[in-house]
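[1] Predicted model and sequence follow; I will ask about them next.
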Amino acid sequence: MVKVVLFLASGFEEIEAMSIVDTLRRAGVEVVVAGLQEGATEGSRGVNVIPNRSIDEIALEEFAAVILPGGSPGYINLGRDRRVLDLVTRAFEEGRIVAAICGAPTVLADLGILKGKKATVCPGKEAELTGAEFVNERVVVDGAVVTSQGPGTAIEFGITLIELLVGKQRAQEVKDDLVANF
């Protein structure tokens, strides 16, 4: 079974994080939600989520992809955590899928991961995609880097990840089951 890790920081965007987890799990992808702190993590709208593991228990070798949800200040907190930055950098260097949505693509830009790559980000943060070629699309794939714009694109982002991780057929099946019309 394909496994991915989604990092969860205080202030995460609930729709993004939970839509991505749910969509991928529907496709049979094992999603590990890794919290940056012990216990529940509070989202930007006050929803508390209990991560599956601590980030300190994450062995990158287990995972085909790393995923960063947005939300403010969630993506800022991800970008300030050395453990997240080290794991994301290693994942990119090892050719694993690196995915970020909403404000989180700016974390990838700050790491130099988006240099010379096409990427998108939530409206208003385009200038923060240092080194990237901004593309105003809902989901952008450039090699193993996947970026998306925000809560309203989260399911499409998840479907795109399914396609990359387990194939077009499974992605279409989940899309049909969700009655997703994009």
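    Alright, I've got the coordinates. Just so it is clear, the structure is predicted and the values come from calculations on it, not from any experiment.
[2] Is the most centrally placed residue in the chain part of a helix or strand, or is it coil?
    For the chain, residue 67 is the residue whose C-alpha lies nearest the centre (C-alpha atoms, centre = their mean; 2.9 Å). What DSSP: H, G, I helix; E, B strand; the rest coil gives for residue 67 is strand.
[3] Tell me what it is bridged to.
    The partner list for residue 67 in beta bridges (DSSP bridges) reads residue 6, residue 99.
[4] Need the per-residue pLDDT for it.
    Each residue has a pLDDT score; the one for residue 67 is 99.
[5] Check residue 38 too.
    For residue 38, the model assigns a pLDDT of 93.
[6] buried set for stretch 160-175?
    Residues 160, 161, 162, 163, 164, 165, 166, 170, 171, 174, 175 are the ones in stretch 160-175 that count as buried (16 or more other C-beta atoms under 10 Å). C-betas here are computed from N, CA, C, even on glycine.
[7] would you turn those residues into TSV with secondary structure?
    Converted to TSV, the buried residues of stretch 160-175 look like this (three-state DSSP):
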residue	secondary structure
160	helix
161	helix
162	helix
163	helix
164	helix
165	helix
166	helix
170	helix
171	helix
174	helix
175	helix
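[8] can you pull out the strands in this structure?
    For the chain, strands defined by DSSP state E occupy the ranges 3-8, 30-35, 41-42, 48-49, 53-54, 65-68, 97-101, 118-119, 133-134, 139-142, 145-148.
[9] In a markdown table: those, plus distance to residue 78.
    Output for the strands of the chain, formatted as a markdown table (distance: least, C-beta to C-beta, whole Å):
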| stretch | distance to residue 78 |
| --- | --- |
| strand 3-8 | 6 |
| strand 30-35 | 11 |
| strand 41-42 | 11 |
| strand 48-49 | 15 |
| strand 53-54 | 15 |
| strand 65-68 | 5 |
| strand 97-101 | 9 |
| strand 118-119 | 16 |
| strand 133-134 | 20 |
| strand 139-142 | 19 |
| strand 145-148 | 14 |
